[in-house]
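**Student:** Compute the structure for the input listed below.
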Amino acid sequence: MTHTYKVTGMTCNGCRTGVEQKLNAVTGVEKAEVNLEREEAVITMSTHIATEAFQEALPAKYTIREQKASQQAQPQNVFTTAASEKSKLEQLKPLFLIFAFISVAAVLLHKDDWNWRKMMLDFMGLFYIVFSFFKLLDLKGFPQSFSMYDPLAKALPVYGKVYPFIELALGLCFLMRVQLTAVLIITLVILGITTLGVTRTLLDKKAIQCACLGTALKLPMTEATFIENAIMIVMALLMLLL
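**Tutor:** Residues are numbered from 1 along each chain as shown. Modelled structure (predicted):
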C-alpha cells in the first residue's frame with residue numbers, strides 16, 4: 001500500500017535527504033520518496049503504519065501528516081493550471097530580479113562609452129559573483145542539491161563543494177580582465193555540463209529544486225534555468241569568436 005504525506009520543516013535538499021533516510025529506516029517501509037518542492041513524502045509499506053510512528057522517527061523540527069484522498073487527486077482545469085503557473089512565476093521572481101539588476105548595472109557602468117564587449121564582461125562577472133554569493137550561504141546543502149541535475153557533481157561530489165568558489169574566481173577574473181580566454185573556455189565547459197543535466201531533467205519532467213541560487217531560495221527547475229545558462233554560453237562564444 002502507498003500513502004502520501006505532507007512534510008513541513010524542510011528548508012534545503014539536505015533536509016529532504018535526511019527525512020527520506022529516516023522514513024526508509026522505519027520498520028515496514030518498503031520505499032519512501034520525499035519531494036522538497038511539494039513538501040510531500042510518498043511511502044510504500046508492507047502493512048499499515050501509523051502516522052505517529054513516522055513522526056517519532058523524524059527530528060522535532062519536522063511535522064508529518066497524511067494527506068486526504070481529495071487533496072491527492074485534485075481535478076485539473078484551466079483555473080488550477082493558471083494558479084500553478086502563477087505560483088511558479090512567483091517563485092522565479094528573485095531570479096528575474098537578479099538578472100534585471102545585473103543587466104542594468106552592466107549598462108550603467110558603460111553608459112559613456114557604450115562598449116558592448118566590456119558590458120558583456122561585466123555582466124558575466126557580476127553574474128558569477130552574485131550567484132556564488134547565494135551558493136556560499138549554504139555550503140553544506142548546495143552540493144547535494146547541485147548533484148541532483150549536474151552530471152559532474154553527481155559523479156564527483158567534491159566538484160559540487162568547490163563549485164561556488166569556482167564561480168567566485170571566474171567572476172573576479174571577468175571583472176579584473178584576467179586570463180579572459182581561459183576563463184571563457186572554462187565557462188563554456190562548466191555551464192555546458194550543467195545545461196546538459198538541466199535539459200535531461202526538463203525532458204524527464206522531474207520536479208526538483210534548482211540550485212542556481214543555492215538553497216537559500218527555493219526555485220523550481222524550469223526552462224528559466226536552461227535560458228539562464230544558455231545566455232552565458234552564448235556570451236562566452238561571442239567573446240571568443242569576435
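
**Student:** Tell me the buried residues in whatever helix or strand residue 107 lives in?
**Tutor:** Using DSSP states H and E, residue 107 sits within helix 93-108. Neighbour-count burial for helix 93-108, counted by 16 or more other CB atoms under 10 Å, picks out 95, 98-99, 102, 106. Yep, even glycine has a C-beta here, placed from its N, CA and C like the rest.

**Student:** just the CA coordinates of that helix, formatted as CSV?
**Tutor:** What follows is helix 93-108, C-alpha atoms only, in CSV (Å, rounded to 0.1, in the frame of the first residue of the first chain):
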residue,chain,number,x,y,z
LYS,A,93,10.7,36.3,-9.3
PRO,A,94,14.1,36.5,-7.4
LEU,A,95,15.9,35.1,-10.5
PHE,A,96,14.3,37.6,-12.8
LEU,A,97,15.1,40.5,-10.5
ILE,A,98,18.7,39.5,-10.2
PHE,A,99,19.1,39.3,-14.0
ALA,A,100,17.4,42.7,-14.3
PHE,A,101,19.7,44.3,-11.7
ILE,A,102,22.9,42.8,-13.2
SER,A,103,21.9,43.9,-16.7
VAL,A,104,21.2,47.5,-15.6
ALA,A,105,24.4,47.6,-13.6
ALA,A,106,26.5,46.4,-16.6
VAL,A,107,24.9,49.0,-18.9
LEU,A,108,25.3,51.9,-16.4
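
**Student:** Give me the mean pLDDT for it.
**Tutor:** For helix 93-108, mean pLDDT rounds to 91.

**Student:** what do you get for stretch 118-133?
**Tutor:** In the prediction, stretch 118-133 has an average pLDDT of 94.

**Student:** Also stretch 19-33?
**Tutor:** Mean per-residue pLDDT for stretch 19-33: 90.

**Student:** Regarding residue 64, what is its secondary structure?
**Tutor:** strand (DSSP: H, G, I helix; E, B strand; the rest coil).

**Student:** Quick one: neighbours of it, just the number.
**Tutor:** By other CB atoms under 10 Å, 23 other residues sit near residue 64.

**Student:** so it makes contact with residue 3?
**Tutor:** No. Applying CB atoms under 8 Å as the test, residue 64 and residue 3 come out as separate, 10.8 Å apart.

**Student:** Could you pull out the buried residues of the helix or strand where residue 235 lies?
**Tutor:** Using DSSP H and E, residue 235 falls within helix 223-241. For helix 223-241, a neighbour-count test (16+ other CB under 10 Å) marks 224-226, 228-229, 232-233, 235-236, 239 as buried.

**Student:** Report the angle between that helix and helix 93-108.
**Tutor:** Angle of helix 223-241 versus helix 93-108, following axes from the mean of the first three to the mean of the last three CA atoms, to 10 degrees, is 30 degrees.

**Student:** Against which helices or strands is helix 223-241 packed?
**Tutor:** Applying 3 or more CB pairs under 8 Å, 6 or more residues apart in numbering; DSSP states H and E, we find helix 223-241 packed against helix 93-108, helix 116-136, helix 180-204.
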